[in-house]
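# sequence and predicted structure are below.
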Amino acid sequence: MGKLVVLTLLGAVLALIGERLVAFRRACNASQEVEPVELPNCHLIEGLENGSEDIDILPSGLAFISSGLKYPGMPNFALDEPGQIFLMDLNEQNPRVQALNISDDFDKASFNPHGISTFIDKDHTVYLYVVNHPHKKSTVEKFKFEEEKRSLIHLKTITHELLISVNDIVVLGPEQFYATRDHYFTNFFMIVLEMIMDLRWTYVLFYSPREVKVVAEGFGSANGITVSLDQKYIYVADVLAQNIHVLKKHDNWDLTPVKVTQLGTLVDNLAVDPDTGDIWAGCHPNAMKLFLYNAEDPPGSEVSSSSSLSSQAKLQEQFVEETWE
Ligand SMILES: [Ca+2]
Ligand SMILES: [Ca+2]
C-alpha cells in the first residue's frame, strides 16, 4: 500500500514536471526559427561588441546605449570588462558610438548597466538613470549628462528593499520613477524554477524619496517599461507571457490595468515613437536559443511595432464607459 502511494505521488510529480517543461518550451518559442530579412538601411554599428541592452533617445537625436550587461543565465562576451554607456548622434549620416566618461567618484569597475531612462528637467538639464547590478545587486544610478564634455557626472545611488532584480525604469520626475522587477527569486536555481513553474510574482514599483510602493503585479517577468506621449499610460512588457500591458497612471502614481496585447514573441525593451506614439519593441523570437547560446546558430532578434496602444486604450475606455451608461 505504501509503495503504491509513493509510486502514485512520483507519477503525479513527474507528470507535473513534464507538463511544466512542455509549457516552458512553448513560452520560450523553442521551436521558432528566425527567417533572416534583408534590411537595406540596416548597418552594423561598430564598437558595441559587448552587447547593447537598452537605448534611450533624446528629442535632439542623441541616443544613450547601455552595454556590457552580465545577467545570470545569459551569454556574456566580456566577463572581465565593466559595462559602459555609449552615446550616438542619430543626426549624423553614419552614426558612430562613443563611450561616455564617467566621473571618478563612481565605482566603474563593478558597473553592470541594464535598463536606462532619461529625464529632462525644466532648466533643460539632461539626467540619465541607469539600472545597475554591481556585485549581483540592484541599484538605480542617477547621472547628469554633460553634452560638451561627452561625460556623465554621478549624482546618486538609489537603493531600496523593494528594488530587487530590477530590469528597466521609466523616469517621470526628478526623483520619481517606475521600475520593473523581472524575477522574484535571486538564486539562479530558484529563478529557473520560478520560470518553469510560471509563478507570476514579479511587479512594477513606483519610487520617490517619500514613497515606494508596488503599483502593478502578476507578471511572469516584467521587463521593458515606458510611458505614452501624453504621459497618461504606462506600457510594461511581460517577456515570458509574450505581451505588453497598458496601465492607466493616476495622480497618486497608482496604476490600473487597461488592456493586454499578445505579441507572440518574447518582448524585452520598449520605446515610444515621438511622432506617432506607436510602440517599438525589441523582442527575442526564441528564448531557448538565448539560454543555450550557440554562436554557430545565434538566437536572432526582432523588432515589433504596435500602433499607438494609448489611443487604442482610450478607445477601449470610451467603449467601456459607453457600455456602462
Ligand atoms: Ca528603458
Ligand atoms: Ca530589458
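Yes, it's here. Ligands and ions are numbered 1, 2, ... in the order given.
# next to ligand 1, which bits of the chain? Give me the list.
Residues of the chain lying close to ligand 1 (CB under 5 Å from the ion) are 54, 115, 168. (Glycine included, C-beta is placed from N, CA and C.)
# quick check: bridge partners of the first one?
Right, the one you point to is Asp54. Beta bridges link Asp54 to Ser66, judged by DSSP bridges.
# I'd say it and Leu128 touch.
No. Using CB atoms under 8 Å, Asp54 is not in contact with Leu128; the gap is 11.0 Å.
# who has more neighbours, those two?
Neighbour totals were compared for Asp54 and Leu128, and Asp54 leads with 26 against 23 (other CB atoms under 10 Å).
# show me which of the residues of the chain next to ligand 1 neighbour ligand 2.
Among the residues of the chain next to ligand 1, the residues lying close to ligand 2 (CB under 5 Å from the ion) are Asp168.
# do a quick rundown of the helices in the stretch 1-150 of the chain.
Counting by DSSP state H, counting those that start in this stretch, the segments of the stretch 1-150 of the chain that form helices are 2-27.
# closest residue of it to ligand 2?
With CB to the ion as the measure, Gly115 is the residue of the stretch 1-150 of the chain nearest to ligand 2, at 5.4 Å.
# who's in contact with that residue?
Contacts of Gly115 were listed using CB atoms under 8 Å, 6 or more residues apart in numbering, and they are 53-54, 66, 130-131, 166-169, 180, 224-225, 269.
# ligand 2 contacts on the stretch 101-250 of the chain?
Residues of the stretch 101-250 of the chain lying near ligand 2 (CB under 5 Å from the ion): 167-168, 223.
# turn these into a markdown table, including secondary structure, neighbour count and distance to Pro59.
Listed next are these as a markdown table, based on DSSP: H, G, I helix; E, B strand; the rest coil; neighbours: other CB atoms under 10 Å; distance: CB to CB, whole Å:
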| residue | secondary structure | neighbour count | distance to Pro59 |
| --- | --- | --- | --- |
| Asn167 | strand | 26 | 25 |
| Asp168 | strand | 26 | 20 |
| Asn223 | strand | 26 | 25 |
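# which helix or strand contains the residue nearest the centre of the chain?
Central residue of the chain (CA atoms, centre = their mean): Gly224, 2.8 Å from the mean position. Under the criterion DSSP states H and E, the helix or strand holding Gly224 is strand 222-227.
# find the nearest non-adjacent residue to the residue of the stretch 1-150 of the chain closest to ligand 2, please.
Excluding its sequence neighbours, the residue lying closest to Gly115 (CB to CB, 6 or more residues apart in numbering) is Asp168, at 2.9 Å.
# so how far is Tyr178 from the one you found?
For Asp168, the distance to Tyr178 under the criterion CB to CB, to the nearest Å works out to 9 Å.
# and the pLDDT at the single nearest residue of the stretch 151-300 of the chain relative to ligand 1?
Evaluated by CB to the ion, the stretch 151-300 of the chain has Asp168 as its residue closest to ligand 1, separated by 4.4 Å. In this prediction, Asp168 carries a pLDDT score of 98.
# isn't it right next to Phe177, touching?
No. Asp168 is not in contact with Phe177 according to CB under 8 Å; the separation is 10.0 Å.
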